[in-house]
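# Got a predicted structure plus its sequence, pasted below:
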Amino acid sequence: MLSMQNISKVYRTDTVETHALREFSLNVDEGEFVSVTGPSGSGKTTFLNTAGLLEEFSSGTYELDGRDVSGLNDTERSRLRNEKIGFIFQSFNLIPELDVFDNVDVPLRYRGFDAAERKKRIDHVLDIVGLGSRNKHLPSQLSGGQQQRVAIARALAGAPRFLLADEPTGNLDSHMADSVMDLLSEINREGTTIIMVTHEPSLASRAHRNILVLDGQVGTSEPELHLAAQTA
Amino acid sequence: MVAAIAVGIGAYMTIINVDYVMSSNPIPHRSDVLFHVEVDSWQPNKAYYEPDHPPEQVTYMDGIALLEAGKARRQVLSYKTGRVLEPQGEGERPFELESRSTSADFFAMFDTPFVYGGGWDKSADDNEEYVVVISKEINERLFGGENSVGQTLVMNGDPYRVSGVMDTWQPMPKFYDVNNGPFEEVEEVFLPLSVAIANEFGSYGNTSCWKAPEGGWEGRLASECIWLQFWVELHSENERQEYLAFLEAYVETQKAVGRFPRPTNNRLNNVMEWMEYQEVVAEDVGVLKGLSLLFLVVCLLNTIGLLLAKVTRQVGDISLRRALGASRRDVFSQYIVEAGVIGLAGGLLGVAMTWLGLQGIKSLYGELEFISRLVAMDWPVIFAAIVLAIIAALAAALYPTWKASGVHPASQLKAL
């Protein structure tokens, strides 16, 4: 479903050239739950941005749901991002002036659905995350865990091919973190592919497969040893 | 932002409104066929108005000669005078009226509207008939608003038969006599020129003489004093050229008897040319237009700054929306529509501020009667204010919106 082959991403300034990704290759099948770990600066965020079509890559090939995404213009990338990918951020990234319903509605409006279709989808995903009765609440009226659930609902509303989660429990206490991870696991069991970046070994272990990123490349698959070294 | 646009629009449209009223065509359906006649009967040593402008009015000798020549389709010779109307009812006091003494063609040439009856014909002019056209207000006061055609009213002891009741008519500017105030009210009573001349009705308008007239009314009529307005109706360039040729021939005959010492300088100005020639729109209005436009530009620059600050503040929001699927076009559209709504709100508030500005002018110059006509707002001005505000807001939003649409989707997500 997602196939990256020898992806390179180079950031260039007048004086410095940074190779954030170097010959990065990764295949993710449909229905997988993949965790991505690695030390700070290893390229995890760059991988996430590249996979999420938020940034273009310098070389290599990237096929998303069978379609080669290199050479797409901004409008095509935006449309593909809207249709195929759901984002879950560490800081929830809800729009504070919009209530829960309208926050979930944001990506649907860019899809062009009519009001009835949008309402149907929003009500459905809010039920999935257990916040169907809170659709008029503002984010400030919700707990951290609830806000992240709203963000998950927003990511699911467009029925994406996969979810990209960047430290989804990073701003939550352990209890809320477990609750959110339970929800993600449930969503994955229902068939949604999830790629999750995390520092937490306990969270990474809940994935089907762990990918270690080191120096911009996919490292060896010994996640327990490397994670133990980080936490030491 | 709304306030910035509103204040700028309010200031600019206040002046534009005054300019619009001052410069509007008072008789658009006939302005191209009505011509003000000037012949240069002035003194040999100096132009009437430097560098070479002929007098704005005509002498009685020239006016009556041109009128009686009848070389145009229609012609009108008139001057402003005053009468005292003596109501015949019990307890009613006499009151003074501003009047116009005019030849018969006035009403047809200037297409004056009537409630009842109409003007008089040429035979009434020739026979010095005591006929009168009155305003609707005078008709209301004397005859209760009923059809008073054929009724008699008394002015300065003389009975006049009402031939017509004029409907509300206030050309803006009052083009047919700008010499006596381009924004003054139309006279309340019109009577035949021949009656006024025969009975020595003095002029209530401007009189200029380059040499002292001989004594008495006859002396005034035979003098070089200018105090009447003369208009002709010509329907084509051919007719205009023919009339100019006639004027030239007339001036030559006058030169032959020792008049018209200056070089021949005949002019035919149509209504709008006459307004421009007379500088009906005061020069300071033009200056104020420029200043108020500058003020509007400053307000728009302020708006650009505010919009840029808003975009900077909302970079995270934009980045998020881009990540969720908004294209650059979606972001551009969002901010442009927002600017349009701001413009609409600013325009509506600007209309209110324009009204306030005009009321301010009225309070400053309220003692001048015509001011209330200058400061009246009508729908074209209101519509223009709103449209201008929207256009201005959209123009101000172009650069900030372009910046907003260029925000990279990944740039701010970690910082949120």
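Perfect, thanks for sending it. Numbers count the residues shown, from 1 in each chain, chains lettered A, B, ... in the order given.

# so what's residue 153 up against?
Just so you know, I chose chain A. Residues in contact with residue A:153, defined by Cβ atoms under 8 Å, 6 or more residues apart in numbering or on different chains, are A:104, A:122, A:125-126, A:128-129, A:131. C-betas here are computed from N, CA, C, even on glycine.

# Not quite, go with chain B.
Residues in contact with residue B:153 (Cβ under 8 Å, 6+ apart) are B:85, B:87-88, B:132, B:134, B:142, B:159-160, B:162.

# One more pass at 7 Å, please.
Listed by Cβ atoms under 7 Å, 6 or more residues apart in numbering or on different chains, the contact set of residue B:153 reads B:85, B:132, B:142, B:160, B:162.

# Save the residues you listed as TSV, and put in neighbour count too.
Shown next, in TSV, are the contacts of residue B:153 (neighbours: other Cβ atoms under 10 Å in any protein chain shown):
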residue	neighbour count
B:85	22
B:132	25
B:142	19
B:160	23
B:162	23
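
# closest to chain A among the residues you listed?
Of all these, residue B:142 has the smallest distance to chain A: 67.2 Å, by Cβ to the nearest Cβ.

# Mind checking which of the contacts of residue B:153 are in strands?
Applying DSSP state E to the contacts of residue B:153, the entries found in strands are B:85, B:132, B:160, B:162.

# shouldn't the second one be in contact with residue B:192?
No. The pair residue B:132 / residue B:192 is not scored as a contact, 8.5 Å apart, by Cβ atoms under 7 Å.

# Give me the residues contacting stretch B:250-267.
Outside stretch B:250-267, the residues touching it (Cβ under 7 Å, 6+ apart) are B:38-44, B:52, B:54, B:65-66, B:244, B:247-248.

# what comes up buried for that stretch?
Buried residues in stretch B:250-267, defined by neighbour count with 16 or more other Cβ atoms under 10 Å in any protein chain shown: B:250-251, B:254, B:260, B:262, B:265-267.

# quick one on the thing from earlier: dump the contacts of residue A:153 to CSV, plus neighbour count, secondary structure and distance to chain B.
Formatted as CSV, the contacts of residue A:153 follow (neighbours: other Cβ atoms under 10 Å in any protein chain shown; DSSP: H, G, I helix; E, B strand; the rest coil; distance: Cβ to the nearest Cβ, whole Å):
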residue, neighbour count, secondary structure, distance to chain B
A:104, 29, helix, 10
A:122, 23, helix, 14
A:125, 24, helix, 14
A:126, 23, helix, 17
A:128, 17, helix, 18
A:129, 23, coil, 17
A:131, 20, coil, 18
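
# pLDDT below threshold where in chain A?
Counting by pLDDT under 70, chain A shows low-confidence ranges at A:220-232.

# Counting by contacts, list what the helix or strand where residue A:182 lies packs against.
If you go by DSSP states H and E, residue A:182 is part of helix A:174-189. With contacts defined as 3 or more Cβ pairs under 7 Å, 6 or more residues apart in numbering or on different chains; DSSP states H and E, the packing partners of helix A:174-189 are helix A:144-157.

# Just want the angle from the helix it packs on to helix A:174-189.
Angle, helix A:144-157 to helix A:174-189, by axes from the mean of the first three to the mean of the last three Cα atoms, to 10 degrees: 20 degrees.

# Look up the closest residue to the residue of chain A found nearest chain B, ignoring the ones flanking it.
Per Cβ to the nearest Cβ, residue A:82 is where chain A lies closest to chain B, at 2.5 Å. Once flanking residues are discounted, residue A:82 sits nearest to residue B:325: 2.5 Å by Cβ to Cβ, 6 or more residues apart in numbering or on different chains.

# bridging residues for residue A:165?
Using DSSP bridges, the bridge partners assigned to residue A:165 are residue A:88, residue A:196.

# For residue B:322, I want the exact helix or strand it lies within.
In this assignment (DSSP H and E), residue B:322 forms part of helix B:315-323.

# Distance from the chain centre to that helix, please.
Centroid separation for helix B:315-323 versus its chain: 55 Å, with Cα atoms, centre = their mean, to the nearest Å.

# Of all the residues in the very next helix or strand once past it, which ones are buried?
Sequence-wise, the next helix or strand downstream of helix B:315-323 (DSSP H and E) is helix B:328-365. By neighbour count on 16+ other Cβ under 10 Å, the buried set for helix B:328-365 is B:328, B:330-332, B:334-336, B:338-340, B:342-351, B:353-355, B:357-358, B:361.

# and the next element down the chain from helix B:328-365?
Going down the chain from helix B:328-365, the next helix or strand is helix B:371-374, by DSSP H and E.

# Which residues outside that following helix are in contact with it?
Among residues not part of helix B:371-374, those counted as contacts by Cβ under 7 Å, 6+ apart are B:18, B:21-22, B:172, B:183, B:361-362, B:365.

# and whichever residue of chain B sits closest to chain A, how many neighbours?
Of all residues in chain B, the one sitting closest to chain A is residue B:325 (2.5 Å; Cβ to the nearest Cβ). Residue B:325 has 26 neighbouring residues, counting by other Cβ atoms under 10 Å in any protein chain shown.

# So it is in contact with residue A:81, correct?
Yes. Here residue B:325 reaches residue A:81: they are 5.3 Å apart, a contact under Cβ under 7 Å.

# Helices of the chain, start to end?
Picking chain A for this. A:44-51, A:74-84, A:100-111, A:115-128, A:144-157, A:174-189, A:201-204, A:223-231 (DSSP state H).

# let's do chain B instead
Using DSSP H, the helices of chain B run over B:2-23, B:60-69, B:106-109, B:122-126, B:136-143, B:193-198, B:216-221, B:237-256, B:271-277, B:283-313, B:315-323, B:328-365, B:371-374, B:379-405.

# Now the second one: buried residues?
For helix B:60-69, burial by neighbour count (16+ other Cβ under 10 Å) applies to B:60-64, B:66-67.

# same check, this time on the fourth one
Judged by neighbour count using 16+ other Cβ under 10 Å, the buried positions of helix B:122-126 are B:124-125.

# give me every residue that touches residue B:186.
Neighbour list for residue B:186: B:169-170, B:174 [criterion: Cβ under 7 Å, 6+ apart].

# 8 Å instead, please
If you count contacts by Cβ under 8 Å, 6+ apart, residue B:186 has them with B:135, B:169-171, B:174.

# just residue B:296 next, same as before
Going by Cβ under 8 Å, 6+ apart, residue B:296 touches B:8-9, B:11-12, B:392.

# What parts of chain A come near chain B?
Residues of chain A lying near chain B by Cβ under 8 Å from any Cβ of the partner chain: A:45, A:49, A:52, A:54-55, A:74-75, A:78-79, A:81-83, A:87, A:89-91, A:93, A:95, A:106-107, A:110-111, A:154, A:158, A:166.

# Among those, the buried ones, what's the ChimeraX command?
Remark: buried members of the residues of chain A next to chain B, expressed as a ChimeraX selection using 16+ other Cβ under 10 Å:
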select /A:45,49,52,54,55,78,79,81,82,83,87,89,90,91,93,95,106,107,110,111,154,158,166
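
# circling back: would you convert the contacts of helix B:371-374 into CSV that also reports distance to residue A:172 and pLDDT?
What follows is these, written out as CSV (distance: Cβ to Cβ, whole Å; pLDDT from 0 to 100):
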residue, distance to residue A:172, pLDDT
B:18, 65, 81
B:21, 67, 76
B:22, 70, 77
B:172, 73, 83
B:183, 75, 81
B:361, 64, 81
B:362, 65, 80
B:365, 70, 70
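
# Tell me, please, the helix or strand in chain B that averages the lowest pLDDT.
The weakest-scoring helix or strand in chain B, judged by mean pLDDT, DSSP states H and E, is helix B:371-374 (a mean of 70).

# Nearest residue to the residue nearest in space to the middle of chain B in space, ignoring adjacent ones along the chain?
Centroid-nearest residue in chain B, with Cα atoms, centre = their mean: residue B:173, separated by 2.2 Å. Counting by Cβ to Cβ, 6+ apart, residue B:173 lies nearest to residue B:182, which is 3.8 Å off, once chain neighbours are set aside.
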